[in-house]
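> I would like the atomic coordinates for the input below:
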Amino acid sequence: MPPGEKTYYGQCNQICGVNHSFMPIVVKALARDKYEKWLLEAKKDFALSDGPDYIQLASVKK
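Numbering: from 1, shown residues only. The predicted structure is shown next:
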């Protein structure tokens with residue numbers, strides 16, 4: 001990685017539930033231009049759809 005870019009590894013340290021020892025954390029520090037490129041792509045990749053905020057799983061007819 002170029003200077004100033006680094007990957008950090010960690011683990012959840014909050015004891016608010018079970019299996020916290022299985023919650024690894026990865027943080028990547030990027031150069032500003034790479035971060036801005038990633039951010040634009042992430043907004044598309046992780047954006048909510050234009051559809052409804054719910055999914056109808058089943059219905060009952062009488």
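> count of residues packed around residue 35?
The number of residues packed around residue 35, counting by other CB atoms under 10 Å, is 14. Placement of C-beta: from N, CA and C, glycine included.
> and the gap between residue 27 and residue 36?
As judged by CB to CB, to the nearest Å, residue 27 and residue 36 stand 17 Å apart.
> tell me the contacts of residue 11?
Under the criterion of CB atoms under 8 Å, 6 or more residues apart in numbering, the contact partners of residue 11 comprise 20-21, 23-25.
> that one pairs with what?
Counting by DSSP bridges, residue 11 is bridged to residue 24.
> sorry, back to before: can you pick out the most distant pair from the contacts of residue 11?
Across the contacts of residue 11, the longest distance by CB to CB is 12.3 Å; it joins 21 and 25.
> quick one: the most centrally placed residue in the chain from residue 28, how far?
For the chain, residue 46 is the residue whose C-alpha lies nearest the centre (CA atoms, centre = their mean; 8.3 Å). For residue 46, the distance to residue 28 (CB to CB) stands at 16 Å.
> so residue 8, which state does it fall into?
Using DSSP: H, G, I helix; E, B strand; the rest coil, the secondary structure recorded for residue 8 is strand.
> nearest residue to it in space, ignoring adjacent ones along the chain?
Distances taken as CB to CB, 6 or more residues apart in numbering place residue 27 nearest to residue 8, at 4.5 Å, with adjacent residues excluded.
> the one you found in helix, strand or coil?
When classified by three-state DSSP, residue 27 comes out as strand.
> that one: neighbouring residues, count only.
Taking other CB under 10 Å as the criterion, the count of residues near residue 27 is 9.
> wait, isn't it in contact with residue 5?
No. Contact between residue 27 and residue 5 fails when scored by CB atoms under 8 Å: they sit 11.6 Å apart.
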